[in-house]
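J.: this is the structure alone, sequence omitted:
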């Protein structure tokens with residue numbers, strides 16, 4: 001998956017202190033997630049249903 005031209009958006013719940021910084025991007029029908037503090041550490045790519053499941057699990061905590 002080529003991510004060189006992707007536009008990343010920081011999650012609205014990320015804070016300015018540097019904790020809990022998550023970025024998301026739409027990549028050809030997939031949603032990609034990465035840690036904004038370490039963007040080269042890797043990317044988690046999920047289908048929309050998978051992304052919804054992750055969000056639902058996080059909201060339950």
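T.: Here it is on my side, so go on. All of these numbers come straight from a predicted model, not from anything done at the bench. Residues are numbered from 1 along each chain as shown.

J.: what's near enough to touch residue 27?
T.: By C-beta atoms under 8 Å, 6 or more residues apart in numbering, the contact set of residue 27 is 1, 3, 6, 45. Bear in mind the C-beta positions are built from the backbone N, C-alpha and C, glycine included.

J.: residue 25: which of those is nearest?
T.: Nearest to residue 25 out of those is residue 6 (C-beta to C-beta; 4.4 Å).

J.: just checking, the closest one touches residue 34?
T.: No - between residue 6 and residue 34 there is no contact under C-beta atoms under 8 Å: 9.6 Å.

J.: higher neighbour count, the two?
T.: residue 34 (21 against 16; other C-beta atoms under 10 Å).

J.: how far off centre is the host helix or strand of that one?
T.: Following DSSP states H and E, one finds residue 34 within strand 30-35. Relative to its chain's centre, strand 30-35 lies at 3 Å (C-alpha atoms, centre = their mean, to the nearest Å).

J.: report all helices and strands that it contacts.
T.: strand 22-27, strand 44-46, helix 48-60 (3 or more C-beta pairs under 8 Å, 6 or more residues apart in numbering; DSSP states H and E).
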